[in-house]
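Undergrad: just a sequence and a predicted model for now, questions to come.
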Protein chains: 2
Amino acid sequence: MTEAQRIAAYESAIAALWQADAAHDLGHLRRVWHMVRLIAMDETEADAEILLAAAYFHDAVNLPKDSPDRARASTLSADLAVKVLPELGFPAAKLPALHHAISAHSFSAQIPCETVEARILQDADRLEALGAIGLVRMFLVSGALGGAGFDAADPMAMNRPLDDRAYALDHLEVKLFGLVDTMKTATGRAIAAERADWMASFRTRLLSEIGA
Amino acid sequence: MTEAQRIAAYESAIAALWQADAAHDLGHLRRVWHMVRLIAMDETEADAEILLAAAYFHDAVNLPKDSPDRARASTLSADLAVKVLPELGFPAAKLPALHHAISAHSFSAQIPCETVEARILQDADRLEALGAIGLVRMFLVSGALGGAGFDAADPMAMNRPLDDRAYALDHLEVKLFGLVDTMKTATGRAIAAERADWMASFRTRLLSEIGA
């Protein structure tokens, strides 16, 4: 199979798995795969077959942001991936490494990355939380959960605890800026730092516009 | 009464009117008032008393974005303002001008601005839809209505009709970029153009990040 044929097969498989839930986003999988490939250019020992399958199946089981089971979603995705992928021609010998890469990618799972494929997938997925794409996701999620964009009376949380459930902007300090230091590849870290800088400049602009 | 006393009285009055609805935003009124004051520096014939009352009461009656009555909200707000304001010491002679400024400020009302106060209020309120603050509002609203940030397959709507209900990013073309040409004061137009440029640069960055 060519890479293009494999991608087509994985996209149909994941679309079938996701059938019942319209909130899923094939665009996210494609972007993660492109970022995985970019990062892997400097990580030559990584296995391309594992990376491709990991990128397309890392969210096979997706739980809502506020689900109490969310920390287990990446392991459930890994379980589902190793169940489905052998039928799609994925080599059995690589299933354990694939399972680990998918399990370990998630922030909330807190599973240490032990392989280069795990490090690459985790970095690629985290980069979606930063930059302009991260900003879009941050405010969309906040809007969907009924939160506000920022605390108009104290947008920088100088005199109150941070609360990213109530105020989307707080999510930068609560989580996103900290992602830069969790990056595990050189390329991932460089992109993350640039995207976090851009988010900081966005915040500066917003504060200036609202007269804070 | 000093201006500070008048602001305090208007903020209490509007908070009392809004009591039943937590979605309202005093921060928006304060920002509109600051912007009104900034724009008015170059519009010396404007009446400061009308501007202050118009800024604080322009959303006195606020209907949801998807309400069929939304085009009437600004007139209902104007009606409520002229009912409430005489008790707060606002001069009766200025009520008609206040009513016009508030009625005409809204995009959907399509009432032509006939006074300088109406032009200033409309520009100040529209500026909240542009720049970083506009971006925050655009994605929050989309998230709350269950929309997506953008169409991953065709983010610039090259091969589909624009649909800002489904895709927040489409709102830039559907409405926001066009606001610049509706601006009615020199200061408002200059700020709107700069903010629209910044939004265009945000879109360029987003498209680059998502590989579009």
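TA: Thanks, I have the structure now.
Undergrad: just want the most central residue of chain A.
TA: By CA atoms, centre = their mean, the mean C-alpha position of chain A lies nearest to A:Asp125, the distance being 3.0 Å.
Undergrad: now do the contacts for that one.
TA: Taking CB atoms under 8 Å, 6 or more residues apart in numbering or on different chains, we find A:Asp125 in contact with A:Val32, A:His58, A:His105, A:Ser106. From N, CA and C alone the C-beta is placed, and that goes for glycine too.
Undergrad: surely the second one touches A:Ser103?
TA: The reference is to A:His58. No: between A:His58 and A:Ser103 there is no contact under CB atoms under 8 Å: 9.5 Å.
Undergrad: compare these two (neighbour count), which wins?
TA: Comparing A:His58 with A:Ser103 by other CB atoms under 10 Å in any protein chain shown, the one with more neighbours is A:His58, at 30 against 21.
Undergrad: burial check on the closest residue to A:Met41 other than its chain neighbours, number of neighbours?
TA: Leaving aside its chain neighbours, A:Met41 sits nearest to A:Thr187 (7.3 Å; criterion: CB to CB, 6 or more residues apart in numbering or on different chains). Other residues within reach of A:Thr187, judged by other CB under 10 Å, total 19.
Undergrad: on the three-state scheme, the residue nearest to the centre of chain A is what?
TA: Secondary structure state of A:Asp125, per DSSP: H, G, I helix; E, B strand; the rest coil, is helix.
Undergrad: which strands and helices sit next to the biggest helix by length in chain A?
TA: As assigned by DSSP state H, the longest helix anywhere in chain A is helix A:186-209. The contact analysis (3 or more CB pairs under 8 Å, 6 or more residues apart in numbering or on different chains; DSSP states H and E) places helix A:186-209 against helix A:26-40, helix A:116-127, helix A:131-144, helix A:177-179, helix B:131-144, helix B:186-209.
Undergrad: for chain A, what lies in contact range of chain B?
TA: Counting by CB under 8 Å from any CB of the partner chain, chain A comes close to chain B at A:25-28, A:30-31, A:34, A:131-133, A:135-137, A:139-150, A:152-153, A:168-169, A:195, A:198, A:202, A:205-206, A:209-211.
Undergrad: now the lowest-mean-pLDDT helix or strand in chain A, how far from the centre of its chain.
TA: Using mean pLDDT, DSSP states H and E, the weakest-scoring helix or strand in chain A turns out to be helix A:3-18, at a mean of 92. Computed by CA atoms, centre = their mean, to the nearest Å, the chain-centroid distance of helix A:3-18 equals 19 Å.
Undergrad: got the buried residues for the longest helix of chain A?
TA: Across helix A:186-209, burial judged by 16 or more other CB atoms under 10 Å in any protein chain shown covers A:187-189, A:191-192, A:195-196, A:198-199, A:202-203, A:205-206, A:209.
Undergrad: again, but for stretch A:110-122
TA: For stretch A:110-122, by 16+ other CB under 10 Å, it's A:Ile111, A:Cys113, A:Thr115, A:Val116, A:Glu117, A:Ala118, A:Arg119, A:Ile120, A:Leu121, A:Gln122.
Undergrad: quick one: mean pLDDT for it?
TA: Confidence over stretch A:110-122 (mean pLDDT, whole number) is 96.
Undergrad: what's in contact with it?
TA: Stretch A:110-122 is contacted from outside by A:32, A:36, A:39-40, A:43, A:45-47, A:50-51, A:54-55, A:58, A:71, A:74-75, A:97-98, A:100-105, A:184-185, A:188, using CB under 8 Å, 6+ apart.
Undergrad: if any of those residues are buried, put those into a ChimeraX selection.
TA: Applying 16+ other CB under 10 Å to the contacts of stretch A:110-122 leaves a buried subset, and the ChimeraX line that selects it is:
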select /A:32,36,39,40,43,46,47,50,51,54,55,58,74,75,97,98,100,101,102,103,104,105,184,185,188
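Undergrad: return the subset of the contacts of stretch A:110-122 lying in strands.
TA: Among the contacts of stretch A:110-122, no member falls in strands (DSSP state E).
Undergrad: ok, back up a step: helices and strands around the least confident helix or strand of chain A, which ones?
TA: Using 3+ CB pairs under 8 Å, 6+ apart as the test, helix A:3-18 ends up in contact with helix A:26-40, helix A:48-57, helix A:73-84.
Undergrad: may I have that helix as CSV, with CA atoms only?
TA: Output in CSV follows, covering the C-alpha atoms of helix A:3-18 (Å, rounded to 0.1, in the frame of the first residue of the first chain):
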residue,chain,number,x,y,z
GLU,A,3,1.0,6.2,2.0
ALA,A,4,-2.0,7.8,0.2
GLN,A,5,-3.8,4.5,0.2
ARG,A,6,-3.1,4.0,3.8
ILE,A,7,-4.4,7.5,4.7
ALA,A,8,-7.6,6.9,2.7
ALA,A,9,-8.1,3.5,4.5
TYR,A,10,-7.5,5.1,7.9
GLU,A,11,-9.8,8.1,7.2
SER,A,12,-12.7,5.7,6.2
ALA,A,13,-12.1,3.5,9.3
ILE,A,14,-12.1,6.5,11.7
ALA,A,15,-15.1,8.0,10.0
ALA,A,16,-16.9,4.7,10.5
LEU,A,17,-15.9,4.6,14.2
TRP,A,18,-17.0,8.2,14.7
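Undergrad: residues in contact with that helix?
TA: By CB under 8 Å, 6+ apart, the list of residues contacting helix A:3-18 reads A:1, A:24, A:26, A:29, A:33, A:52-53, A:56-57, A:60, A:62, A:80, A:84, A:88-89.
Undergrad: in that helix, which residues are buried?
TA: Those would be A:Arg6, A:Ile7, A:Ala9, A:Tyr10, A:Ala13, A:Ile14, A:Leu17, A:Trp18, for helix A:3-18 by 16+ other CB under 10 Å.
Undergrad: and the third one, how close does it get to B:Ala55?
TA: Read it as A:Ala9. Relative to B:Ala55, A:Ala9 is positioned 59 Å away (CB to CB, to the nearest Å).
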